[in-house]
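Visitor: Provided below for reference: sequence and predicted model.
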Amino acid sequence: MTLDLLRGLMLAAVGVNACCLLGSRHSRNTVTIVSTVLMTAAMIDVSFALLGIPPLAWTCLLLAWSMLCAAALRRRTANTATPTSTHAGNHQLHHLLGLIVLGGQLAGHPAAATAVRTGAHSHSSSLLLAVVVAGAAAYTLWSLALLLHTRQPRSERGALASMSAMTVCMGLMPFL
């Protein structure tokens, strides 16, 4: 029952995040739209097995997309360092780091952990869990700090709050 409640809260946060990011005039671009679609698809697929893609495959896809976008962002911000592009770049960086945290959390998903344990030592997934929990905690604290200490439009504040909620819900799931 508690797992179903966390899953429901996580999926509600996914919907809020998608609406906030797609409705934002400040941060809506191709990278954000594709990232949001990938994140939403991964979370729904892992929750309901609609597409049947394994969690580790989602992890690889999310990490590859994050690294590709981060490289493009780095190249673009190196050429134009105006205050507006820096703010947009920071928001995109936060979103891309969220995808990396989500990828780590999916790698620690029970279905992925079972696949890892069949070919590795039984304690190897516990180290992964500790690293993922630490990364998720740091990301959540950063998101909350941005939410509380920066002036941003409502849509971006909603995205920060919903990404924090998703990260916390997914972070609690392995312990139930």
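Guide: Happy to help now that I have it. Numbers count the residues shown, from 1 in each chain.
Visitor: Can you give me the buried ones in stretch 9-27?
Guide: 10, 11, 13, 14, 16, 17, 18, 20, 21, 24, 27 (16 or more other Cβ atoms under 10 Å). Every C-beta, even on glycine, is put in place using the N, C-alpha and C of the backbone.
Visitor: Work out for me the element the nearest residue to the fifth one once chain neighbours are set aside sits within.
Guide: Taking Cβ to Cβ, 6 or more residues apart in numbering, and ignoring the residues beside it in sequence, residue 16 has residue 162 as its nearest neighbour in space, at 4.1 Å. Residue 162 is part of helix 154-172, with elements assigned from DSSP states H and E.
Visitor: picking up where we left off before, between the buried residues of stretch 9-27, which sits nearest residue 37?
Guide: Of all the buried residues of stretch 9-27, residue 18 has the smallest distance to residue 37: 8.1 Å, by Cβ to Cβ.
Visitor: Could I get the CA-only coordinates of the host helix or strand of that closest one as CSV?
Guide: Following DSSP H and E, the helix or strand that holds residue 18 is helix 2-23. Extracted in CSV, the C-alpha atoms of helix 2-23 (Å, rounded to 0.1, in the frame of the first residue of the first chain):
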residue,chain,number,x,y,z
THR,A,2,2.8,2.5,0.9
LEU,A,3,4.6,1.6,-2.3
ASP,A,4,1.5,2.3,-4.3
LEU,A,5,1.1,5.6,-2.5
LEU,A,6,4.7,6.6,-3.3
ARG,A,7,4.3,5.5,-6.9
GLY,A,8,1.1,7.6,-7.2
LEU,A,9,2.8,10.7,-5.7
MET,A,10,5.8,10.2,-8.0
LEU,A,11,3.6,10.0,-11.1
ALA,A,12,1.6,13.0,-9.9
ALA,A,13,4.9,14.9,-9.6
VAL,A,14,5.9,13.7,-13.1
GLY,A,15,2.7,15.3,-14.4
VAL,A,16,3.2,18.5,-12.5
ASN,A,17,6.8,18.7,-13.7
ALA,A,18,5.8,18.1,-17.4
CYS,A,19,3.1,20.8,-17.2
CYS,A,20,5.5,23.3,-15.5
LEU,A,21,8.4,22.8,-17.9
LEU,A,22,6.3,22.7,-21.0
GLY,A,23,4.3,25.7,-19.9
